[in-house]
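> Next input, structure requested:
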Amino acid sequence: MKKYFAEFIIFLAGALTMIFEIVGSRVLGPFFGTSVFVWTSLIGIIMGSLSVGYWAGGKLSEKRPDFIILSWILILAAIFILITAIGNNFILNRIVKYVPDFRFRTLLSVLVLFGPASVFFGAVLPFGVKLKISNLKTSGALVGNLYALSTIGSILGTFLAGFVLIPVFGFKNILYAIPFILLIVSLLICLNERKLIPGFISVLVCSVLVTFWIKVYNTNLNFIDVDTQYNRVLIYTTTDETTGRPVKMLNVNNEKSSAMFTDKDDGLVFEVLKYYRLVQHFNPAFKSSLMIGGSGYAFPKDYLNKFPDANIDVVEIDPGLTKLAKKHFGLVDNPRLRIFHEDGRTYLNGCKTKYDAVFVDAYKSMITIPYQLTTVEAVQKIYDVLNEDGAVYANVISSLDENSNYFLRSELATYKSIFPQVYIFAVQYPNPTNVEKSYFQNFIIVGLKSNNKPHFQSEDEELNKYLGNLYMGDLDYENQILTDEYAPVEFFASKALR
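Residues are numbered from 1 along each chain as shown. Down below sits the predicted model:
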């Protein structure tokens, strides 16, 4: 058993380290999104923790190089991962509450939840190397082989996590499975070495792990919690605050993304989606539309019902969301609806179809739109796919406070650099007081391809209500036009969320 056991443990530690890191993005996503700040923090902190582990493992291996110490390393790694699995929501809620700076709270969260276990993962490699070295003449080749084995494990863990484990099993199952595997390996070492105390600790921690694992599933019976290739998704029933009607809610990365009335699927729950109906006002003869961002397909369903003579194409990057929409939100196949599963920007880059309207409702997390859809190059692509009387309707979340609406101002300037006419509608507070200026709300940016000046009155009472929310304030100060080369969307979001 001992002959290749060290190699197996080194390989396994490399794989589990990368699985643990990638799962980290799903743990942090509901609180911080999946921005460059999250990945920077995950990669930086985990690499730093592994470095500490390499150093500590090397020192420890000089004092007592035996398998029982390696067993203790695996047990401690399992315990810290179990703490992350059990306490991540509790810890993250308090960090968000008490740490004001967005970037620092992201770093602190990764350090607390992923740093300690990563230190022990790092200790495995130098300790395993020490256990295997028996001849200094061949030590260089041995060390190279073991580092290569660890790297191969890391590569395998990366692909397994992204392509198989997270989409199939979900991040919670993985967070409990990793320590379970570590404890089983530790127990095997103890049985082989005939050491009772670490073996007993392994069994005890396994029992705690299984208890909490079962408890998690018993408490999650009232809602659906799944991981797709791109998102962590919750589906649950609640009550609409405005109407008091029962709704089924689609929550993507801890943000309300789509909803459907469950007593009768007869309208839109979210007010902002109703503003897309302004297409009737700005281009009454529209026949074809493109929507970037499907989510629960609330608006495409409404569009098909309300406009029986029009077609709509939907670009949704996540096929898992489409499957969930079909299963839980009443999305059915329709010859007037085409769905494309790809990034909205790549679709625009290769699009040969012309549309009368483009609706943009794609969000990466919280208030952050994927940067590749915000730039002047992307807006130019939208302009190019529109017919001569076409218009774009883009949903942006921001406040009107000049200290936190950097992105809104930049995006408005970006649209104005391409479209001859650009207007903005404030969904919640069109005429805010000083207090309401700091409130984050939905804005609809409308860009008209035509030079013909529109009017802002309608005989349709509903449309007239939306037109009345035209924002007349000045947002044309200190603006940065966003480009593919420079689009600090996540940086703007971090400043807004301070």
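
> And the helices in the stretch 351-498 of the chain?
Secondary structure of the stretch 351-498 of the chain (DSSP state H, counting those that start in this stretch): helices located at 376-385, 406-416, 461-467, 489-496.

> shouldn't Ile369 be in contact with Ala487?
No - judged on C-beta atoms under 8 Å, Ile369 makes no contact with Ala487 at a distance of 9.8 Å. Just so you know, the C-beta spots here come from the backbone N, C-alpha and C atoms, and that holds for glycine as well.

> Nearest to Lys97, out of the helices of the stretch 351-498 of the chain?
When the helices of the stretch 351-498 of the chain are ranked by proximity to Lys97, the top entry is helix 489-496, at 17.2 Å, counting by C-beta to C-beta.

> average pLDDT for the closest one?
What helix 489-496 shows for mean pLDDT is 71.

> before we move on, what about stretch 37-48?
Stretch 37-48 comes out at a mean pLDDT of 91.

> just stretch 267-275 next, same as before
94.

> And stretch 374-394, by the same measure?
On average, stretch 374-394 scores 96.

> tell me which residues in that stretch are buried?
The neighbour-count check on stretch 374-394 (16 or more other C-beta atoms under 10 Å) flags 374-379, 381-383, 385-387, 389-394 as buried.

> Next, the distance between the ends of it.
One end of stretch 374-394 to the other measures 10 Å (C-alpha to C-alpha, to the nearest Å).

> and if you look at stretch 163-179?
Its first and final residues considered, stretch 163-179 spans 21 Å by C-alpha to C-alpha.

> From the chain's centroid, how far away is it?
In this view, stretch 163-179 has its centroid 16 Å away from the chain centroid, taken as C-alpha atoms, centre = their mean, to the nearest Å.

> any residues touching it, and which ones?
16, 19-20, 22-23, 26-27, 77-79, 81-82, 84-85, 88, 161, 205, 209, 212-213, 216, 225-229, 232, 320 (C-beta atoms under 8 Å, 6 or more residues apart in numbering).

> now swap in stretch 305-314 and tell me
In contact with stretch 305-314 (C-beta under 8 Å, 6+ apart) are residues 277, 286-291, 294, 297, 300, 303-304, 336-340, 353, 355.

> which ones among those are found in helices?
300, 303-304 (DSSP state H).

> Just the closest of those residues to Gln457, please.
Looking across the ones in helices among the contacts of stretch 305-314 and measuring by C-beta to C-beta, the closest to Gln457 is Tyr303, at 23.8 Å.

> and the closest one, how far is that from Thr211?
48 Å (C-beta to C-beta, to the nearest Å).

> neighbour count winner among the two?
Tyr303 (24 against 10; other C-beta atoms under 10 Å).

> Please tell me I have it right and Thr228 contacts Ala325.
No - using C-beta under 8 Å, Thr228 is not in contact with Ala325; the gap is 11.5 Å.

> So the two - more neighbours on which side?
Neighbour tally, Thr228 and Ala325, criterion other C-beta under 10 Å: the higher count belongs to Ala325, 25 against 18.

> any idea of the mean pLDDT in the helix or strand hosting that one?
Using DSSP states H and E, Ala325 maps to helix 319-328. Helix 319-328 shows a mean pLDDT of 95.

> quick one, domains of this structure?
5-221, 262-496 (automatic domain parsing).

> Going along the chain, name the strands of this structure.
Per DSSP state E, the chain carries strands over the ranges 224-227, 232-239, 246-252, 255-261, 288-292, 311-315, 337-340, 355-360, 386-398, 421-426, 441-448.

> Surely Cys206 and Leu183 touch.
Yes - with contact defined as C-beta under 8 Å, Cys206 reaches Leu183; the gap is 4.8 Å.

> Look at the two and report which has more neighbours.
Neighbours per residue, other C-beta under 10 Å: of Cys206 and Leu183, the larger number sits with Leu183, 25 against 19.

> and the more buried one, how far is that from Gly115?
Counting by C-beta to C-beta - Leu183 and Gly115 are separated by 20 Å.

> And Gly244, its phi and psi?
phi 80, psi 10 (degrees, to the nearest 10).

> can you count the residues close to it?
Going by other C-beta under 10 Å, the residues that sit close to Gly244 add up to 7.

> Run through who's touching stretch 380-389.
Outside stretch 380-389, the residues that reach it (C-beta under 8 Å, 6+ apart) are 283, 285, 290, 345, 348-349, 351, 353-358, 360, 392, 418-419, 447, 449-450.

> ok so, going back, need the overlap of contacts for Cys206 and Leu183.
By C-beta under 8 Å, 6+ apart, no residue touches both Cys206 and Leu183.

> Dig out what Ile444 forms beta bridges with.
Taking DSSP bridges as the rule, Ile444 bridges to Asn395, Phe425.

> and the end-to-end length of stretch 53-71?
For stretch 53-71, the end-to-end distance is 15 Å (C-alpha to C-alpha).

> Any chance of TSV for the ones in helices among the contacts of stretch 305-314, columns distance to Arg103 and pLDDT?
Formatted as TSV, those follow (distance: C-beta to C-beta, whole Å; pLDDT from 0 to 100):
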residue	distance to Arg103	pLDDT
Pro300	36	97
Tyr303	39	97
Leu304	42	97
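
> Save these as JSON lines, and put in distance to Arg105 too.
Formatted as JSON lines, the ones in helices among the contacts of stretch 305-314 follow (distance: C-beta to C-beta, whole Å):
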{"residue": "Pro300", "distance to Arg105": "36"}
{"residue": "Tyr303", "distance to Arg105": "39"}
{"residue": "Leu304", "distance to Arg105": "42"}
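
> Nearest to Leu475 among the residues you listed?
Using C-beta to C-beta, these come closest to Leu475 at Tyr303, 28.9 Å.

> how about the closest one, what does it touch?
276, 289, 291, 310, 312.

> 6 Å instead?
Taking C-beta atoms under 6 Å, 6 or more residues apart in numbering as the contact definition, Tyr303 lies against Ile312.

> Could you count how many residues lie near the closest residue to Leu82 other than its chain neighbours?
Of all residues not flanking Leu82 in the chain, Pro179 sits nearest, at 4.8 Å (C-beta to C-beta, 6 or more residues apart in numbering). Burial of Pro179 is recorded as 28 neighbouring residues (other C-beta under 10 Å).

> What of Ser289?
24.

> pLDDT at it, what is it?
98.

> Test of understanding: give the bridge partners of it.
Going by DSSP bridges, Ser289 forms beta bridges with Ile312, Ala357.

> OK, contacts around it?
312, 355, 357.

> show me what contacts the second one?
Contact partners of Tyr355, counting by C-beta under 6 Å, 6+ apart, are 288-290, 385-386.

> ok so, going back, and Asn431, which of the helices of the stretch 351-498 of the chain is closest to it?
Closest of these to Asn431 is helix 461-467, at 14.1 Å (criterion: C-beta to C-beta).

> Off-centre distance for that closest one?
So, by C-alpha atoms, centre = their mean, the centroid of helix 461-467 is 34 Å from its chain's centroid.

> any residues touching that helix, and which ones?
With C-beta under 6 Å, 6+ apart as the criterion, helix 461-467 contacts 275, 278, 281, 456, 458.

> just stretch 108-117 next, same as before
By C-beta under 6 Å, 6+ apart, stretch 108-117 touches 24, 41-42, 45-46, 49, 77, 80-81, 84, 88, 91-92, 95.

> before we move on, back to that, between the contacts of helix 461-467, which has the most around it?
Most surrounded of these: other C-beta under 10 Å gives Tyr275, at 24 neighbours.

> Ile444 is in contact with that one, correct?
Yes - the criterion here is C-beta atoms under 6 Å, and Tyr275 meets it with Ile444 at 4.5 Å.

> Mutual contacts of the two, please.
Counting by C-beta under 6 Å, 6+ apart, the residues touching both Tyr275 and Ile444 are Phe425.
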